[in-house]
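Asks: Let me see the structure of the following:
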Amino acid sequence: MTVVQALADLTTLGVGGPAARLLTATTTGELVAHTRTAWDDHEWLVLGGGSNVLVADSGFDGTVVLVRTTGVDAEPDADGVTVRVAAGEPWDAFVATTVANGWTGLEALSGIPGTVGAAPVQNIGAYGVELSDVLTRVDFLDAVTGERTWVPAAELALGYRTSTLKHGRRGVVLTVEFRLGTAGEHGVPVRYAQLAGSLGVDLGALVEPTTVRDEVLRLRATKGMVLDADDRDTWSAGSFFTNPIVSAAFAETLPSEAPRWPAGDDVKLSAAWLIEHAGVHRGYGVPGSHAAISSKHTLALTNRGGATAAQLAELARYVQVTVLNRFGVSLVPEPVVVGDLLD
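Replies: Down below sits the predicted model:
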C-alpha cells in the first residue's frame, strides 16, 4: 500500500518531512518485493525503528520501505543456540526473549532502540559488548547484484559503529543470525567497569543475565537512553556523535585527564568528555531553538517539543565547531542523515 506520511512520526527524534511514497513490509516476502519496487525509483530508503536517523524537514523525495517483519527461530545444540531473527523485530524485545530463554551474549545490549535488521549496520555496542561478538551472518538482498544471499559476518568489516552495510554495500538486511550461549549455573562475565561498579562486583565477575539486563536498563534510563514518550530527554537518536579515534601522538596533546582507551595502534577518546569540557553542558540549547543537549547525557541531542531537523543540525554543528576549536578533534555524527543537513 502506498502512503504519504511525515517521517517525523516514524523517528525517535520526531522530525522529518514526508516521504514521496511509503511501503510497509510485514513479511520477508513483502520486504523483498517492496525493496525491488523501491529500486525502480531514483531515491530509496529502508527504515526500521527510526532511532538512528535525522531526516530533513523537506522529507524524502523517494520511496521509503518500512520494515515491520517478525519472527524468531532458534536451533539449540549441546554448545549453545543459533538464532535467526526477522529484520523488523524490535531489538530490545528480542534481547528480552533471549534473556527469558537463558540464551546469553546480548543482555548487555538491553534497552537499545531500533530493529534487529539495523543492528549489524551500526555494529551496535554497549557496556563492553558489540554485536560482532555474536553475529554469524545476515540474509541480504544486494542492490547492486539483485541477489539474495547469506553474507558471513567476517565479510561485513564490522568495526566501531560501522560496517560495509553502512558504508558502500547497498541493499537490505532481511534476517540476522546469531550464535548465543546458554546461561548454565554460573551467569555471564561483566566486561565493563561502570556496569561492574553499579552491580557491586569485580570486573569479569559472573552475574545472572536477568540481573545484567535489569541493571543495564536502569543505567541507560539515567542517561535518557531508554525510550519514554513522557520524557523529552529520550526524544533523541541516542548518542549523536561517535567516540573519536585518534593517533597515540595526538592523544598526548590532550589534557591528561581526558578519558582514553586503546583502539589497536590508536586511541579512542570520550566524545561526551570533549563536549562537556569544551563548554557545551547538559541542557544547552541554541537560543530560540527547540533542540537541546539532553539534561541527562551530553552525547544526546533532543527534541524538546516542536524542534525542526534544521534546528537539530544547527545544534550539532555548534557542538562540532566548539569541540574542534577547543581540542582540535572532529566529531563524526552517528545517525544516518537524510538530506543536506550537515554538509
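
Asks: which residue packs closest to G59, ignoring adjacent ones?
Replies: Closest residue to G59 apart from its sequence neighbours, by Cβ to Cβ, 6 or more residues apart in numbering: G17 at 2.8 Å. C-betas here are computed from N, CA, C, even on glycine.

Asks: measure that neighbour to T308 for me?
Replies: To T308, G17 is 10 Å away according to Cβ to Cβ, to the nearest Å.

Asks: overlap in contacts of those two?
Replies: D57 (Cβ atoms under 8 Å, 6 or more residues apart in numbering).

Asks: which residues touch T322?
Replies: Going by Cβ under 8 Å, 6+ apart, the list of residues near T322 reads 275, 278-280.

Asks: can you tell me which of those are in helices?
Replies: I275 (DSSP state H).

Asks: Quick check: R218 vs L199, distance?
Replies: In terms of Cβ to Cβ, R218 sits 10 Å off from L199.

Asks: circling back: which of the contacts of T322 fall in strands?
Replies: Of the contacts of T322, none are assigned to strands by DSSP state E.

Asks: Narrow the contacts of T322 to those that are buried.
Replies: 275, 278, 280 (16 or more other Cβ atoms under 10 Å).

Asks: Roughly how far does the second one sit from D214?
Replies: Computed as Cβ to Cβ, the A278 to D214 distance reads 35 Å.

Asks: The residue nearest to G59: neighbour count?
Replies: 18 (other Cβ atoms under 10 Å).

Asks: change the start of the numbering to 53 and stick with it
Replies: Let's use 53 as the start, then, which means that last one is G69.

Asks: Can you pull out the low-pLDDT segments for the chain?
Replies: Residue ranges of the chain with pLDDT under 70: 53-56, 236-237, 395.

Asks: Farthest out from the centre of it, which residue is that? Tell me.
Replies: Largest separation from the mean C-alpha position in the chain: A130, at 32.0 Å (Cα atoms, centre = their mean).

Asks: Toward the C-terminus from the helix or strand harbouring Y370, list the very next helix or strand.
Replies: In this assignment (DSSP states H and E), Y370 forms part of helix 361-379. With elements assigned by DSSP H and E, the helix or strand that comes after helix 361-379 is strand 388-390.

Asks: In its sheet, which strands sit next to that following strand, and in what direction?
Replies: Using DSSP bridges, the strands paired with strand 388-390 are strand 105-107 (parallel).

Asks: in the strand it pairs with, what counts as buried?
Replies: By neighbour count on 16+ other Cβ under 10 Å, the buried set for strand 105-107 is 105-107.

Asks: For those, give me TSV that also has distance to P387.
Replies: Shown next, in TSV, are the buried residues of strand 105-107 (distance: Cβ to Cβ, whole Å):
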residue	distance to P387
V105	6
L106	5
V107	10
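
Asks: Go through those residues and say which is closest to G256.
Replies: Taking Cβ to Cβ as the measure, G256 lies nearest V105 of the buried residues of strand 105-107, at 36.0 Å.

Asks: Does the closest one touch L393 like I think?
Replies: No: using Cβ atoms under 8 Å, V105 is not in contact with L393, being 11.1 Å away.

Asks: what about the helices in the chain?
Replies: 80-91, 143-152, 171-174, 245-251, 261-274, 300-303, 323-329, 361-379.

Asks: And the ones you listed: which comes nearest T188?
Replies: The nearest among these, by Cβ to Cβ, is helix 171-174 at 10.5 Å.

Asks: got the end-to-end distance for stretch 87-97?
Replies: End-to-end distance of stretch 87-97: 9 Å, with Cα to Cα, to the nearest Å as the criterion.

Asks: Which residues are in contact with P339?
Replies: Counting by Cβ under 8 Å, 6+ apart, P339 makes contact with nothing.
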